[in-house]
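>>> Sequence below, structure please.
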Amino acid sequence: MAAVRDLKATEMAASGGDGAIELGKRHLIQPWPYAGSVGAEARALIGEGDGIYITDNTGKRLIDGPAGMWCVNVGHRREELARVMYDQAMALSYNTPWYTMNAPSAELAMRIAGYAPGDLSHVFYTTGGSSAVETALRFMQFYNNVRGRPEKKLILSRGGAYHGSTYLSASLNGRPRDRDWMDGADELVIKLSSPDPFRRSQGMSLAAFTDFLVDQFRDTVARVGADRIGAFVGEPVQASGGVVIPPDGYLKRIREICRDNDILYVSDEVVTGFGRLGHVFASGDVFGIDPDMITFAKGVTSGYFPLGGVIISERLLQELRRSNHPDAMFGHGLTYTSHPVGCAVALKNLDLLEESVLAHTQEVAPYFQAQLKTLEELPLVGEVRGVGLMGCVECVADRESKDPLQLDKDVGKRIDAHCHELGLLVRPLINMCVMSPPLIITREQIDDMVAILREGISRTMDDLRKEGVWRG
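Residues are numbered from 1 along each chain as shown. I've put the predicted structure just below:
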């Protein structure tokens with residue numbers, strides 16, 4: 001034991017800078033690792049954050065282009081959130097949600113319900129986005145069991161979707177690399193086409209593409225049977241799929257089909273919620289739909305504390321209360337459900353959004369989109385798309401064929417590496433670069449961000465030409 005303690009002390013002493021990187025290689029399993037390096041890799045070490053910036057272990061200051069992971073909405077180093085976290089922990093650090101409750105969770109539920117569309121009026125808290133989607137699906141199963149419809153459990157999802165990493169939520173994911181080596185509840189999930197207008201058939205109009213998507217949805221319901229389909233789960237904007245914005249009217253038409261066939265519509269707003277599109281929720285305010293459930297996480301605390309949840313329709317709860325099975329238990333909960341510290345942070349975060357951040361986002365978002373759009377001048381760029389303060393640059397080898405650079409699947413990583421050197425962190429997704437900066441970003445900082453991205457893409461084009469991978 002003494003030797004173990006001495007070893008730990010030595011490791012702790014070396015934990016700063018290069019020491020932390022070495023410790024990571026020796027002891028830390030990173031998320032989404034490859035088998036060849038699992039448990040033996042280190043990633044870029046970040047030491048500090050301030051506003052829209054982060055600083056790596058070399059002292060390089062970087063614009064935090066992804067806002068952490070779509071989540072640091074009000075920016076790094078907000079003293080207001082740190083103080084609330086401390087004050088709440090000193091007052092009540094934890095209570096069991098099984099037979100007690102706390103005041104911050106009740107107040108937060110009321111305020112969240114006030115922003116939700118339709119009759120979404122009740123909140124079930126989770127620890128993040130994956131557990132929020134998992135909860136929504138388990139609630140659907142419970143709801144149909146209580147109503148005497150145990151066969152109504154299938155779930156509709158889409159290509160390009162990302163809904164989480166737990167077993168059920170990950171089963172919905174529509175990106176091949178997410179599922180290539182992982183098991184899932186495939187018997188419960190039906191995948192539909194991605195609503196990506198950029199990838200529609202050549203010569204197909206947007207109207208025809210929308211009709212195709214809606215007809216596919218309607219035909220699937222008719223073929224499989226509405227009596228077997230319990231829910232449709234969809235992001236208003238497919239975030240990790242490459243900021244895929246569905247064509248106008250598509251979501252409303254899908255919502256109507258779900259309503260007509262008693263299929264629960266679950267709007268996954270883990271990314272789009274809490275300001276990313278300039279509103280607390282995008283389902284109603286941006287896309288004009290009133291789902292049966294909304295899942296949220298990430299921006300609810302701006303990443304300062306793990307928290308997520310599901311907002312559930314009053315209608316669904318009333319139907320359960322009127323059922324013939326009043327003793328049926330929704331046997332689902334988490335140790336950290338309704339965590340008082342997380343809920344207190346979320347309340348203050350919502351204050352910050354209401355005071356100025358939402359209005360600022362709405363004001364700078366058009367400028368952000370316009371500046372990003374200028375990158376389409378570069379021959380490697382096939383499309384720039386986005387909404388609010390989320391955007392994607394999709395690179396292609398050939399604009400005519402829209403070939404997603406099959407000869408070099410790491411083009412996004414190449415661009416990220418150049419941008420890192422120049423002072424910007426982006427999120428690379430194979431042939432795409434995704435940006436979702438903190439919502440407090442200014443016009444001048446947007447200019448800096450786009451200028452670095454332009455130079456990073458230009459340097460990548462030079463690299464690809466020199467290597468003979470691309471001739472653009």
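
>>> residue nearest the centroid of the protein?
What sits nearest the mean C-alpha location of the chain, by CA atoms, centre = their mean, is Val271, with 3.7 Å.

>>> wait, what's in contact with the residue nearest to that one when sequence neighbours are not counted?
Distance criterion CB to CB, 6 or more residues apart in numbering; nearest residue to Val271, sequence neighbours excluded, is Ala239 at 3.9 Å. C-betas here are computed from N, CA, C, even on glycine. If you count contacts by CB atoms under 8 Å, 6 or more residues apart in numbering, Ala239 has them with 70, 162, 270-272, 390, 434, 436.

>>> Those residues into TSV, with extra columns for secondary structure and distance to Leu62?
Formatted as TSV, the contacts of Ala239 follow (DSSP: H, G, I helix; E, B strand; the rest coil; distance: CB to CB, whole Å):
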residue	secondary structure	distance to Leu62
Trp70	helix	17
Tyr162	coil	24
Val270	coil	24
Val271	coil	21
Thr272	coil	25
Met390	strand	19
Val434	strand	15
Ser436	coil	15
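
>>> of all those, which comes closest to Tyr304?
Nearest to Tyr304 among the contacts of Ala239 is Trp70, at 14.2 Å by CB to CB.

>>> dump the residue contacts of that closest one.
239, 270-271, 276, 298-299, 390, 436.

>>> rewinding a little: mind picking the two most distant members of the contacts of Ala239?
Val270 and Val434 (14.7 Å).

>>> out of the two, which sits in the busier spot?
Neighbours per residue (other CB atoms under 10 Å) separate Val270 from Val434, with Val270 holding more: 29 against 23.

>>> So what does the nearest residue to that one once chain neighbours are set aside look like in phi/psi?
Nearest non-adjacent residue to Val270, counting by CB to CB, 6+ apart: Gly129, 3.6 Å away. The phi and psi values for Gly129, taken as degrees, to the nearest 10, are phi -70, psi -40.

>>> Next one: Gly129 from Ala91, what distance?
28 Å (CB to CB, to the nearest Å).

>>> With pLDDT as added columns, please give the contacts of Trp70 in TSV.
Shown next, in TSV, are the contacts of Trp70 (pLDDT from 0 to 100):
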residue	pLDDT
Ala239	97
Val270	98
Val271	98
Arg276	98
Lys298	98
Gly299	98
Met390	98
Ser436	98
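
>>> okay if I get these as a markdown table plus distance to Pro97?
Converted to a markdown table, the contacts of Trp70 look like this (distance: CB to CB, whole Å):
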| residue | distance to Pro97 |
| --- | --- |
| Ala239 | 29 |
| Val270 | 21 |
| Val271 | 26 |
| Arg276 | 28 |
| Lys298 | 21 |
| Gly299 | 23 |
| Met390 | 32 |
| Ser436 | 31 |
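
>>> Show me where this protein dips below the pLDDT cut-off.
Low-confidence segments of the chain (pLDDT under 70): 1-16, 405-407.

>>> domains of it?
Split into domains by automatic domain parsing, the chain comes to 2-77+356-466, 80-352.

>>> How far off centre is the shortest one?
Between the mean C-alpha location of domain 2-77+356-466 and the chain-wide mean there is a distance of 15 Å, by CA atoms, centre = their mean, to the nearest Å.

>>> same thing with the last one?
In terms of CA atoms, centre = their mean, the centre of domain 80-352 is found 11 Å from the chain centre.

>>> In contact with Thr442, which residues?
Counting by CB under 8 Å, 6+ apart, Thr442 touches Val364.

>>> ugh, wrong one, Gln362
By CB under 8 Å, 6+ apart, Gln362 lies in contact with Gly278.

>>> which parts of the host helix or strand of it are buried?
For Gln362, the host element (DSSP states H and E) is helix 358-373. When neighbours are counted by 16 or more other CB atoms under 10 Å, the buried residues of helix 358-373 are found to be 358, 360-362, 364-365, 368-369, 371-373.

>>> Partner strands of the helix or strand following that helix, with direction?
Downstream of helix 358-373, the first helix or strand assigned by DSSP H and E is strand 381-387. Paired with strand 381-387 in the same sheet, following DSSP bridges, are strand 390-395 (antiparallel).

>>> Which helix or strand lies directly C-terminal to the partner strand?
That would be, after strand 390-395 and using DSSP H and E, helix 411-422.

>>> Run the angle between that following helix and strand 390-395 for me.
Angle of helix 411-422 versus strand 390-395, following axes from the mean of the first three to the mean of the last three CA atoms, to 10 degrees, is 120 degrees.

>>> what's helix 411-422 in contact with?
44, 60, 62, 65, 380, 395, 405, 408, 425-433, 452-453, 455-457, 459-460, 463-464.

>>> what do you get if the cut-off is 6 Å, keeping everything else the same?
The contact list for helix 411-422 (CB atoms under 6 Å, 6 or more residues apart in numbering) reads 395, 405, 426, 428-433, 452, 455-457, 459-460.

>>> got it, and stretch 98-116?
95, 121, 123, 280-281, 311, 338, 340, 343-344, 346-347, 350.

>>> Could I get the buried residue list for it?
For stretch 98-116, burial by neighbour count (16+ other CB under 10 Å) applies to 102, 104-105, 108-109, 112-113, 115-116.

>>> got the residue ranges for the helices in the stretch 51-200 of the chain?
Under the criterion DSSP state H, counting those that start in this stretch, the stretch 51-200 of the chain carries helices at the ranges 67-70, 79-91, 103-115, 129-146, 167-171, 176-179.
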